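> below are the sequence and a predicted model; questions follow.
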Amino acid sequence: MKILVIGSGGREHALTWKLKQSQKVEEVFVAPGNAGTEEIANNIAIDDTDINKLIEFAQEEEIALTFVGPEAPLVEGIVDRFKAEGLSVFGPNQDAAQLEGSKVFSKNLMKKYDIPTAKYETFTQADAAIAYIKEEGAPIVVKAEGLAAGKGVIVAETTAEAVEAVETIMVNEKFGEAGTRIVVEEFLTGEEATVLAFTDGETIVPLISSQDHKPAYDNDEGPNTGGMGAYAPAPIVDDEMLSQVKEEILEPTLDGLKQEGIEYKGLIYCGLMIEDGVPKVLEYNVRFGDPEAEAVLPLLETDLVEIAEAVNNNQLDKIDIQWSDKTSVCVIMASGGYPIDYETGEEITGIEKAEADEDTIVFQAGTAKENDKIVTAGGRVLGVTAVGDGYEDTISKAYEGVERIEFADAHYRTDIGDKALDKN
């Protein structure tokens, strides 16, 4: 069969890499893709939100199954459009995608159906939000309602920072329409983890857990990013905790959506804060996380195409999803200055050296080909992923890979996986 992957990041490179392993797959196309996907698949020069052209391409090439990587086309209703044309696609429909597209929708759903999350209020006026912040005090969290590429959440340590966040989002309109409404919520303490789950609308099956590292610098300092690295599985989510997350969060979320008349099919992402054995939802996403996908997918042993077909055919209960017992660590190499100001067009060398170790794979994200050279083309450039026996071994392999790669002003965190080591 022919597969289409939509998107251009490290997540899409990881999806393409995993799908290529399926015996069912003859050819993979990626729209628009990057320099990494170009090496293992066919890049198509169609933007990931150009739904009309994507439909035309899928029809012309007789694409058997489409995977939607990023959130924007899902929120714009790409799944509904593809299905209306009789095209098979993996991902939630537009109504279900509100879970990520609108933080107000998701918070209200959690409140209505008693899904554990932080106390919150929503605002459409900056003055009212600022008054609430001054009353509540800091630390406090300010979130743009809509999509902001993972950067619309500001954790304010002081009241002044929170007020500045409101002004940045609502007055200065840094995130455009995504910031016309905001959520101001309680600052939760504990340890973060991510639990992804496949669902066909009836059955929901958690994947192995992972832990993202959103702040730009070591020790979780600096501005939030799209993610500076991840590892899997996360020790804080043991079997008991995973069952608890399924029973107290995943299943009630699916049931709540059903009661709202919304069918959810695809993959659901729960960003969690866990403290004293109690998990609370920080956020939902409606697709694979990035960089979580680069850490989780290398440990998946079951054919991803078979899982997607089971989801789309309401047969998820009939498939036994298997995982490696190894660990994985993904370290993001970013352009210097990311996530604020950074240069692109810098030549990248050493990827082949890093991948000389059979346990290491470099997932490309913000890359492009120029004159037969791979150059930087975004903020997050590469995801260097290693698979190994235990966290210490795997962390060492991942950073060995990082050290073999060079580009001007490369920036990466040096503590990815340290929290897992602390628990061993």
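Now that the structure is in, tell me what you want to look at.

> so what's the most centrally placed residue in the chain closest to, chain neighbours aside?
Residue closest to the average C-alpha location in the chain (C-alpha atoms, centre = their mean): Gly289, at 1.5 Å. Once flanking residues are discounted, Gly289 sits nearest to Tyr269: 5.4 Å by C-beta to C-beta, 6 or more residues apart in numbering. C-beta here means a position set from N, CA and C on the backbone, and glycine is covered the same way.

> what of Asp409?
Closest to Asp409 by C-beta to C-beta, 6+ apart is Gly336, at 2.8 Å.

> before we move on, back to that, just the buried residues of the helix or strand that contains the residue nearest to Gly289, please?
Assessed by DSSP states H and E, Tyr269 sits inside strand 266-275. Across strand 266-275, burial judged by 16 or more other C-beta atoms under 10 Å covers 266-274.

> Val89 bridge partners, please.
Thr66 (DSSP bridges).

> so what's it up against?
Contact partners of Val89, counting by C-beta atoms under 8 Å, 6 or more residues apart in numbering, are 65-68, 78-79, 82-83.

> now do Ile55
81-82, 85, 87.

> mind listing what's buried in the helix or strand containing it?
Using DSSP H and E, Ile55 falls within helix 51-60. For helix 51-60, the neighbour count (16+ other C-beta under 10 Å) marks 51, 54-55, 57-58 as buried.

> who's in contact with Leu65?
1, 3-4, 88-90, 305, 308-309.

> try Thr168
154, 174.

> switch the cut-off to 7 Å
Contact partners of Thr168, counting by C-beta atoms under 7 Å, 6 or more residues apart in numbering, are Lys174.

> per-residue pLDDT, it?
With respect to pLDDT, Thr168 has a value of 91.

> cool, the one 5 residues further on as well?
Looking at Glu173, its pLDDT reads 88.

> so how far is Asp276 from it?
39 Å (C-beta to C-beta, to the nearest Å).

> these two: who's more crowded?
Remark: of Glu173 and Asp276, Glu173 carries more neighbours, 13 against 6, as counted by other C-beta atoms under 10 Å.

> tally of neighbours for the nearest residue to the more buried one once chain neighbours are set aside?
The spatial neighbour of Glu173 that comes closest, neighbours along the chain excluded (C-beta to C-beta, 6+ apart), is Gly179 at 6.1 Å. Gly179 has 23 neighbours, counted by other C-beta under 10 Å.

> separation between Gly179 and Phe123?
11 Å.

> low-confidence stretches in this protein?
149-150, 424 (pLDDT under 70).

> name the element the residue lying farthest from the centre of it belongs to?
Note on the chain: the largest C-alpha distance from the chain mean falls to Glu135, namely 33.4 Å (C-alpha atoms, centre = their mean). Assessed by DSSP H and E, Glu135 sits inside helix 126-136.

> quick check: which helices or strands does the following helix or strand past that helix pack against?
Next helix or strand after helix 126-136 toward the C-terminus (DSSP H and E): strand 140-144. Counting contacts by 3 or more C-beta pairs under 7 Å, 6 or more residues apart in numbering; DSSP states H and E, strand 140-144 is packed against strand 153-156, helix 159-166, strand 182-186.

> circling back to that earlier point, what's the angle from whichever helix or strand comes after the strand holding Tyr269 to strand 182-186?
Per DSSP H and E, the first helix or strand lying C-terminal to strand 266-275 is strand 278-285. Relative orientation of strand 278-285 versus strand 182-186 (axes from the mean of the first three to the mean of the last three C-alpha atoms, to 10 degrees): 170 degrees.

> how far is strand 278-285 from where the chain is centred?
Centre-to-centre, strand 278-285 and its host chain are 14 Å apart (C-alpha atoms, centre = their mean, to the nearest Å).

> do stretch 207-226 as well
11 Å.

> surely Glu191 meets Gly277?
No - contact criterion C-beta atoms under 7 Å: Glu191 and Gly277 do not qualify, at 11.2 Å.

> okay, these two: which has more neighbours?
Shown here are Glu191 and Gly277; by other C-beta under 10 Å, Glu191 has more neighbours (16 against 10).

> partners of that one in the sheet?
Per DSSP bridges, the residues bridged to Glu191 are Ile274.

> mind listing the helices for the stretch 201-350 of the chain?
Secondary structure of the stretch 201-350 of the chain by DSSP state H, counting those that start in this stretch: the helices cover 239-245, 251-259, 292-296, 304-312.

> pick the most deeply packed of the ones you listed.
helix 292-296 (a mean of 31; mean count of other C-beta atoms under 10 Å).

> ok so Thr189 is a helix residue?
No - under DSSP: H, G, I helix; E, B strand; the rest coil, Thr189 falls outside any helix and is assigned coil.

> OK, contacts around it?
So Thr189 contacts Glu275 (C-beta under 7 Å, 6+ apart).

> quick one: it from Leu421, how far?
Counting by C-beta to C-beta - Thr189 and Leu421 are separated by 21 Å.

> how about Glu248?
From Glu248 to Leu421 the distance is 28 Å (C-beta to C-beta).

> got it, and Tyr412?
18 Å.

> and the two? Which one has more around it.
Under the criterion of other C-beta under 10 Å, the comparison of Tyr412 against Leu421 puts Tyr412 first, with 18 against 14.

> that one touches Ile332, doesn't it?
Yes - shown here, Tyr412 and Ile332 form a contact pair, counting by C-beta under 7 Å, at 6.3 Å.

> domains in this structure, by residue range?
As assigned by automatic domain parsing, the chain contains the domains 2-93, 125-180, 191-318, 327-422.

> out of these, nearest to Lys103?
domain 125-180 (4.9 Å; C-beta to C-beta).

> hang on, the earlier thing: just the buried subset of the contacts of Val89, please.
Applying 16+ other C-beta under 10 Å to the contacts of Val89 flags 65-68, 78-79, 82 as buried.

> can you give me the neighbour number for Val183?
Using other C-beta under 10 Å, Val183 is surrounded by 23 other residues.

> for Asp393, same thing?
Using other C-beta under 10 Å: Asp393 sits among 16 other residues.

> and it, which helix or strand is it part of?
helix 391-403.

> which parts of that helix are buried?
In terms of neighbour count (16+ other C-beta under 10 Å), helix 391-403 has its buried residues at 391, 393-395, 397-402.
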